[in-house]
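Undergrad: Just need the structure, nothing else, for what follows:
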Amino acid sequence: MIILNFAHPLTDEQLWQIERLTGCAVERVITVATCLDLAQPLGPQVAALADACGLSPTEWQTLPLLVNPPSLNSIAVALLAELHGRCGYFPAHLCLRPVPDSVPRRFEVAQTLDLQGQRDAARQARSSNAPPPPAGGTPCP
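TA: Numbering: from 1, shown residues only. Have a look, this model is predicted:
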């Protein structure tokens, strides 16, 4: 598994937690510094973040990827859209949380997020709750 890290560096303990949680060995961590200018359009900057990973189009579509997203939500969602376009699916994401009562503050792996599974479940729920198609033609709006 390859981790695309757009956030703070991951510790050895966090990498161990990821391997334990996913059951997959971490082959490589690609860390990309995420420092964007919010006064400029995010789209090209986010595309540059993805480019900085150095993956080929084939690798984007075939490698087992786990993404540690940037902390700023607007950058994270723009990057998610960019990665979906490159991968053809939503790659799994990492969720970290503070260790309770830790001083100095430490973070641990809380879970991995199966965003494609979330999307598929929402799509299935939408389909099962949709009204049946009208008989005999298309209704007027």
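
Undergrad: CA only for contacts and neighbour counts going forward, please
TA: OK.

Undergrad: looking at this, residue 4 is in a strand?
TA: Yes - counting by DSSP: H, G, I helix; E, B strand; the rest coil, residue 4 is part of a strand.

Undergrad: which residues does it contact?
TA: 29, 30, 31, 32, 53, 65, 66, 67, 68 (Cα atoms under 8 Å, 6 or more residues apart in numbering).

Undergrad: and the most centrally placed residue in the chain, what are its phi and psi?
TA: The C-alpha lying nearest the average C-alpha coordinate of the chain belongs to residue 93 (Cα atoms, centre = their mean; 3.9 Å). Main-chain torsions, residue 93, degrees, to the nearest 10: phi -120, psi 160.

Undergrad: Show me the beta-bridge partners of it.
TA: On the basis of DSSP bridges, residue 93 is bridged to residue 67, residue 113.

Undergrad: quick one: secondary structure of residue 30?
TA: From three-state DSSP, the assignment for residue 30 is strand.

Undergrad: Not counting its neighbours along the chain, what's nearest it?
TA: In space, and not counting its chain neighbours, residue 30 is closest to residue 4: 5.0 Å by Cα to Cα, 6 or more residues apart in numbering.

Undergrad: and the one you found, bridged to which residues?
TA: Going by DSSP bridges, residue 4 forms beta bridges with residue 30, residue 67.

Undergrad: Give me the distance between it and residue 130.
TA: Noted for residue 4: a distance of 37 Å to residue 130, by Cα to Cα, to the nearest Å.

Undergrad: same deal with residue 78?
TA: 29 Å.

Undergrad: in the chain, which spans are helices?
TA: Remark: helices assigned in the chain by DSSP state H are 12-22, 42-51, 57-62, 73-87, 115-129.

Undergrad: Of all those, which one is nearest residue 103?
TA: helix 12-22 (16.5 Å; Cα to Cα).

Undergrad: What is that closest one packed up against?
TA: Packing contacts for helix 12-22, counted by 3 or more Cα pairs under 8 Å, 6 or more residues apart in numbering; DSSP states H and E, involve strand 107-113.

Undergrad: what comes up buried for the strand it packs on?
TA: 107, 108, 109, 110, 112, 113 (16 or more other Cα atoms under 10 Å).
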